[in-house]
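Student: Need a 3D model of the following:
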Amino acid sequence: MSVLEMKVPSPGESITEVEIATWLVKDGDYVEKDQPIAEVDSDKATLELPAEESGVITLKAEEGDVVQVGQVVCLIDRDAAKPAGSAAPAAEAPKQEEAPKAAEPAKAEAPKPAPAAQSYATGTPSPAAKKILDEKGIDASQVSGSGRDGRISKSDAELAAKPAMGGSSLSTSGARSTTTTKLSVLRRKIAQRLVSVKNETAMLTTFNEVDMSEIFRLRKLYKEEFAQKHGVGLGFMSFFTKAVTRALQMYPDVNASIDGDFKVNYDFCDISIAVSGPKGLMVPVLRNAENMSFANVEGNIKDLAIKVRDGKITVDEMTGGTFTITNGGTFGSMLSTPIINPPQSAILGMHNIIQRPVAVDGQVVIRPMMYVAMSYDHRIIDGKESVGFLVAVKEGIDNPVEILLGGDEKKGLGL
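Tutor: Residues are numbered from 1 along each chain as shown. Below is the predicted model:
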């Protein structure tokens, strides 16, 4: 018998273990070569495990097991014959002999015994039970008696429990179940990273607000032409990405990280874009975003977001960013303090857009305004740089035609 031992491949550098999230096949199933047989969670992404050969599979790990890279997780018997392709019908017609049985009248149920008659003893604790209830601080009216005529016995008192703090002594018919589930490897890793950032960096946050009027105007004016020419929509993220890459080039220490006693500056802008996926928050990276056009930014973000949603994102596509942009405004957030994505030193948080009264040239006008927040590591970024950086982002969003599009809005958008 020729049996293949399937081992966990390395999903990427520095990853030593994964968790079996879901088996897509059952023990004893016949699998085809390259057929996805499992989804595995690493600390960075969810990946599919394809069958290396065709044959009958024997599972060697359970869902939820944490396995080492290189560990055997299943066996594939390559000599096993492929089963016939005939499948059982989805719903079989009822057999003839079963029809009369279904038509038989239901048997009369045995009469239930009548409930015990209420008496003076109902709900009254015995002396021993009363002593126990008094010691527990439980009122007898909260206990149901199982003794004769409904009397509360000693065992009833011993089993009685005081209502939980904040609970009511009155009975309730509402559901009170709880569910406990194990956190995925990805979620546990995110938790560890977030806690380490809070503990290991001198994180501060600075705030500002941006006027989205010009971006609204540009999108309304050119969205159809942009979509027809480039095949993607003209969204907010391309404007913010271009504003961020400009600001990073103006303030290079924001585009840096700490490595021990050294500061590492990058002459490229790899922008991590936070995307919410089924398994949690993912941060795919736009490589050399400073050289991308608006259409390139929108197209790459769309492709990466689809990969995150479908669980097709790779570790390489989420590794190596130098700065992160996160948009809590899609969920309605008005203001927040985003947490740095290590080993990066800063992150920009976008928020929801609200029509607010603002003063423009001495007049109160209604404008679509957004609060923006920049969290940064004060160990290498000073207040002057952080505030200057956020002001530079604000300039690009408030006046995109002159600052981001070179004074020619159509040419700047590639139209």
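Student: And the nearest residue to residue 288 once chain neighbours are set aside, its phi and psi?
Tutor: Sequence neighbours aside, residue 268 is the residue nearest to residue 288 in space, at 5.4 Å (criterion: Cβ to Cβ, 6 or more residues apart in numbering). Quick note: C-beta positions are derived from backbone N, CA and C, even for glycine. Residue 268 has phi and psi values of phi -130, psi 160 when expressed as degrees, to the nearest 10.
Student: In this structure residue 255 contacts residue 322, no?
Tutor: Yes - using Cβ atoms under 8 Å, residue 255 makes contact with residue 322 at a distance of 5.2 Å.
Student: overlap in contacts of the two?
Tutor: Jointly contacting residue 255 and residue 322 under the rule Cβ atoms under 8 Å, 6 or more residues apart in numbering are 248, 266, 269.
Student: Low-confidence stretches in this protein?
Tutor: For the chain, the stretches with pLDDT under 70 are 1, 12-14, 43-45, 85-121, 127, 148-149, 161-173, 185-186, 279.
Student: tell me which element residue 206 is part of?
Tutor: strand 203-211 (DSSP states H and E).
Student: sec struct for the spatially closest residue to residue 141 that is not a sequence neighbour, please.
Tutor: Spatially, and ignoring its direct neighbours in sequence, residue 141 is nearest to residue 123 (6.8 Å; Cβ to Cβ, 6+ apart). Assigned by DSSP: H, G, I helix; E, B strand; the rest coil, the conformation of residue 123 is coil.
Student: do the same with residue 397
Tutor: Counting by three-state DSSP, the backbone at residue 397 sits in helix.
Student: what about it, how many neighbours?
Tutor: 25 (other Cβ atoms under 10 Å).
Student: Tell me how far it lies from residue 62.
Tutor: According to Cβ to Cβ, to the nearest Å, residue 397 stands 50 Å off from residue 62.
Student: what do you get for residue 310?
Tutor: 25 Å.
Student: coming back round to it: so the residue nearest to residue 141 is in contact with residue 153, correct?
Tutor: No - at 11.9 Å, residue 123 does not count as touching residue 153 under the criterion of Cβ under 8 Å.
Student: Common neighbours of those two, please.
Tutor: Both residue 123 and residue 153 are in contact with residue 145, where contact means Cβ under 8 Å, 6+ apart.
Student: quick one: contacts for residue 339?
Tutor: Counting by Cβ under 8 Å, 6+ apart, residue 339 makes contact with 194, 197-198, 203, 347, 375.
Student: Could you pick out the buried ones from these?
Tutor: With neighbours counted using 16 or more other Cβ atoms under 10 Å, the contacts of residue 339 contain these buried positions: 197, 203, 347, 375.
Student: For the stretch 151-300 of the chain, which segments are assigned as helices?
Tutor: Secondary structure of the stretch 151-300 of the chain (DSSP state H, counting those that start in this stretch): helices at 154-159, 185-200, 213-230, 236-250, 294-310.
Student: so which of these is the most packed in?
Tutor: Highest mean neighbour count of those: helix 236-250, a mean of 22 (counted as mean count of other Cβ atoms under 10 Å).
Student: got the angle for it vs strand 203-211?
Tutor: 120 degrees (axes from the mean of the first three to the mean of the last three Cα atoms, to 10 degrees).
Student: still on that earlier bit, which one of residue 255 and residue 322 is surrounded by more residues?
Tutor: Neighbour count, other Cβ under 10 Å: between residue 255 and residue 322, residue 255 has more, with 27 against 24.
Student: Not including adjacent chain positions, what is the nearest residue to that one?
Tutor: Nearest non-adjacent residue to residue 255, counting by Cβ to Cβ, 6+ apart: residue 248, 4.2 Å away.
Student: you'd agree residue 384 is in a helix?
Tutor: Yes - counting by three-state DSSP, residue 384 is found in a helix.
Student: list the contacts for residue 8?
Tutor: Neighbour list for residue 8: 18, 40, 49, 67-71, 73 [criterion: Cβ under 8 Å, 6+ apart].
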